[in-house]
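# this is the structure alone, sequence omitted:
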């Protein structure tokens with residue numbers, strides 16, 4: 001199949017064209033308009049969905065999707081908490097949800113990738129990286145907080161990030177041990193966090209020279225960790241569901 005990349009399709013019009021079964025990854029679809037088209041089975045999964053709008057037949061469905069995800073994942077609604085008490089409650093909720101998923105997933109499924117997405121083991125490693133970035137480097141200002149088993153995101157090398165610091169884990173037990181260490185770090189930080197501390201400004205941990213426009217507060221950094229935790233829990237739940245045969249099959 002043909003692969004298009006870059007900006008060669010910006011402003012293009014597709015008329016009476018078939019995109020049936022096409023896959024779009026890591027692409028900018030901002031402002032795309034679809035009219036009088038068959039969208040049966042259209043599957044959209046976007047981490048950035050909640051930072052904008054998605055209009056279907058004149059209705060912005062983003063608030064509806066947000067509410068439904070909160071229903072499916074109790075505790076997710078706490079990820080925007082603004083107080084130390086609220087953030088502590090939010091952290092407990094998402095860790096309980098992860099503990100349930102991890103304990104219920106057979107080890108033989110931990111390394112299975114669905115449609116090229118990260119496996120459960122890789123996702124746990126990525127959450128190690130997220131904690132290192134937003135708590136270690138962002139909040140605590142540790143220059144090099146990276147644990148070697150962290151799972152780096154796609155495109156990091158192209159951004160100039162030194163990916164040589166990472167390696168594959170020895171086994172699942174190492175992943176679980178490092179993950180538990182990072183979870184405990186967040187727990188301990190939130191135990192003593194105060195409103196004044198949460199309001200302090202920090203640099204974006206992915207902005208190496210500190211010249212970016214966004215300088216998050218400590219509270220913002222914690223909320224990013226919570227967003228990462230819930231988003232990746234949903235991804236893994238989605239993918240693992242495809243490995244479980246429907247009841248009665």
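Received the coordinates, thanks. The structure presented is a predicted model; accordingly, all values stated were derived computationally and were not measured.
# let me see the contact set for residue 238.
Residue 238 makes contacts with residue 45, as judged by Cβ atoms under 8 Å, 6 or more residues apart in numbering. The way it works is simple: take the backbone N, C-alpha and C, and place the C-beta from them, glycine included.
# surely it is in a strand?
No - Residue 238: not assigned to a strand; according to DSSP: H, G, I helix; E, B strand; the rest coil it is helix.
# can you find the helix or strand in this protein with the smallest mean pLDDT?
strand 55-56 (a mean of 92; mean pLDDT, DSSP states H and E).
# how far away from the center of its chain is that one?
Remark: strand 55-56 is offset 23 Å from the chain centroid, using Cα atoms, centre = their mean, to the nearest Å.
# show me the contact partners of the next helix or strand after it.
Following strand 55-56 in sequence order, the next helix or strand is strand 59-60 (DSSP states H and E). For strand 59-60, the external contacting residues (Cβ under 8 Å, 6+ apart) are 53, 54.
# residues contacting the helix or strand that strand 59-60 is followed by, please?
Using DSSP H and E, the helix or strand that follows strand 59-60 towards the C-terminus is helix 62-72. Residues from elsewhere that reach helix 62-72 (Cβ under 8 Å, 6+ apart): 49, 50, 52, 53, 54, 76, 77, 234.
# just those: which are in helices?
residue 234 (DSSP state H).
# make JSON lines out of the contacts of helix 62-72 and add pLDDT and neighbour count.
Written out in JSON lines, the entries for the contacts of helix 62-72 read as follows (pLDDT from 0 to 100; neighbours: other Cβ atoms under 10 Å):
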{"residue": "49", "pLDDT": "87", "neighbour count": "15"}
{"residue": "50", "pLDDT": "87", "neighbour count": "15"}
{"residue": "52", "pLDDT": "89", "neighbour count": "11"}
{"residue": "53", "pLDDT": "92", "neighbour count": "10"}
{"residue": "54", "pLDDT": "93", "neighbour count": "15"}
{"residue": "76", "pLDDT": "97", "neighbour count": "23"}
{"residue": "77", "pLDDT": "97", "neighbour count": "16"}
{"residue": "234", "pLDDT": "97", "neighbour count": "17"}
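# closest one of the contacts of helix 62-72 to residue 187?
Ranked by distance to residue 187 (Cβ to Cβ), the contacts of helix 62-72 are led by residue 76 at 18.7 Å.
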